[in-house]
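Peer 1: sequence-free structure coming up:
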């Protein structure tokens, strides 16, 4: 007896099957299309990050963002300070009385709202280095109340209350997080998190920074100097008239009783005669010091034995046993046996330790780039040597060329992978191509700049400069005469200011 079926076997409906397959394919295609669009948007986001800059127009100061949009209308007589370009905190000074020195301050955000209120003043903490470059502490602000100063973060958190007579920057390019404080007539060190690194109990303090060794030179009420680290641990006793910013292998140069001497960390004298001044300690401490006698430079061992007679106008060690020297107003490179590695033919020579390369300036102000065997690998006008991103940019003739730190040629697209346009030259004119070499902007310009981090390029025509955006659209017709400017850069219709130390953008 056969068993009956409880249901009929279904038959496939082929039309429905094909419809489902087609729907799946369409869905997958949509995913890829959306992903492609998002990728393009991501690429654009990589180009245009949100930054803020001081802006100058019609003799007034304001703020723009990295798209060239005006954030704070240029209406202030004094420059608006942007302590950190990533934060919308803008510090304005107004109602300045130049006779009495009195002034008012306020902080604004990108909505032109006043923020960080409750203080008499809100101010940036300025640093100035030996070359008069100006920059600001980027993670803290100085505030005052009832004549005393304190510290807050950029979001308004109180880091330390208003209790000091002064808070100032130390001008140290390697440590931007320590500040000089004055309290009850005594100086100390405060970090930007509000911690007193060195209690305010000294007649003066300053940064010690040389050859990787950092610390704080402190001076007592008798005018004697000592050295402490950033945990306030003693390194050198306060026994010296001066502590020079020279260090290597636990050896220091100090002045005592009017004489410069070389000492160990425990104060033991290593060398005290045979020279007028000590200008450096060689990396191999057994080799001794660079000394000056009768205004000439030489090298002396720690025993006092002369290695190189004092016959050079300058000596500076680049790497162990190798010296950049000056003689008859020209620079060359020698070793400790006085063998000339590079002849005395250059206006200047500098050594970049991270790349292990020498940059030498010739009489025509172009540069030779030498490797660690002292061979000239490339020549041109040095535009940039960027060890973080690992490239060198040279202007060679009318062309801008890129190299890695081994001096091998690189395409700009290999270095700046997120950029959309690259300068190209044809028949003596400049245009722009994409990363695949397709022409995006025709070859009609007399000069051009590479795309910056915000997507803009400078274009020059008939002696005037303008700008294009990341797609090659003209944003600013060439109207600016920038021949005397050291840096050509654009954000929208705004061009970089003439004083490069001030980091601002200008517009007619």
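Peer 2: Arrived safely. Worth saying up front: this structure is predicted, and the values here are computed from it rather than measured. Numbers count the residues shown, from 1 in each chain.
Peer 1: where along the stretch 351-500 of the chain do the helices fall?
Peer 2: Under the criterion DSSP state H, counting those that start in this stretch, helices of the stretch 351-500 of the chain are mapped to 412-415.
Peer 1: so where is it shaky, pLDDT-wise?
Peer 2: Along the stretch 351-500 of the chain, segments meeting pLDDT under 70 are nowhere present.
Peer 1: what residues are up against residue 424?
Peer 2: 430, 431, 432, 433, 439, 443 (CB atoms under 8 Å, 6 or more residues apart in numbering). All C-beta atoms are positioned from the backbone trio N, CA, C, and that covers glycine.
Peer 1: What residues are bridge-paired with it?
Peer 2: On the basis of DSSP bridges, residue 424 is bridged to residue 431.
Peer 1: From residue 201, how far out is residue 163?
Peer 2: Applying CB to CB, to the nearest Å, the value for residue 163 to residue 201 is 15 Å.
Peer 1: what do you get for residue 268?
Peer 2: Per CB to CB, residue 268 is found 27 Å from residue 201.
Peer 1: more crowded one of these two?
Peer 2: Set residue 268 next to residue 201 and count neighbours by other CB atoms under 10 Å: residue 201 wins out with 14 against 8.
Peer 1: tell me which element that one falls in.
Peer 2: Element membership of residue 201 [criterion: DSSP states H and E] is strand 196-202.
Peer 1: Which is the succeeding secondary structure element to that strand?
Peer 2: The first helix or strand that comes after strand 196-202 along the chain, using DSSP H and E, is strand 204-210.
Peer 1: could you say what helices and strands that following strand packs with?
Peer 2: On a contact count with 3 or more CB pairs under 8 Å, 6 or more residues apart in numbering; DSSP states H and E, strand 204-210 meets strand 186-191, strand 213-219, strand 242-248.
Peer 1: tilt between it and strand 213-219?
Peer 2: Using axes from the mean of the first three to the mean of the last three CA atoms, to 10 degrees, the direction of strand 204-210 lies 160 degrees away from that of strand 213-219.
Peer 1: Okay, buried residues for strand 204-210 please.
Peer 2: If you call a residue buried by 16 or more other CB atoms under 10 Å, then strand 204-210 has these buried ones: 205, 206, 207, 208, 209, 210.
Peer 1: So which of those is the closest to residue 71?
Peer 2: Of all the buried residues of strand 204-210, residue 207 has the smallest distance to residue 71: 34.7 Å, by CB to CB.
Peer 1: Can you give me the distance of that closest one to residue 360?
Peer 2: Taken as CB to CB, the span from residue 207 to residue 360 is 30 Å.
Peer 1: In contact with the residue lying closest to residue 198 once chain neighbours are set aside, which residues?
Peer 2: The shortest distance from residue 198 to any non-neighbouring residue, by CB to CB, 6 or more residues apart in numbering, is to residue 189 (4.0 Å). Shown in contact with residue 189 (CB under 8 Å, 6+ apart): 178, 179, 180, 181, 196, 197, 198, 205, 216, 230.
Peer 1: tell me which residues form a beta bridge with residue 189?
Peer 2: Residue 189 forms beta bridges with residue 180, residue 198, as assigned by DSSP bridges.
Peer 1: Please parse this structure into its domains.
Peer 2: Under the assignment automatic domain parsing, the domains of the chain span 285-337, 411-508.
Peer 1: quick one: which of those domains is nearest residue 403?
Peer 2: When those are compared (using CB to CB), the closest one is domain 411-508, at 9.5 Å.
Peer 1: ends of the closest one, how far apart?
Peer 2: With CA to CA, to the nearest Å applied, domain 411-508 spans 35 Å between its terminal residues.
Peer 1: which residues sit against stretch 371-385?
Peer 2: Applying CB under 8 Å, 6+ apart, the contact partners of stretch 371-385 are 319, 333, 341-342, 352, 355-359, 365-370, 391-397, 400-401, 403, 407.
Peer 1: Show me which residues of it are buried.
Peer 2: Across stretch 371-385, burial judged by 16+ other CB under 10 Å covers 371, 377, 378, 380, 382, 383, 385.
Peer 1: Using CSV, please lay out these together with distance to residue 484.
Peer 2: Below are these laid out as CSV (distance: CB to CB, whole Å):
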residue, distance to residue 484
371, 35
377, 32
378, 28
380, 22
382, 20
383, 18
385, 24
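Peer 1: Many thanks, I have nothing further to ask.
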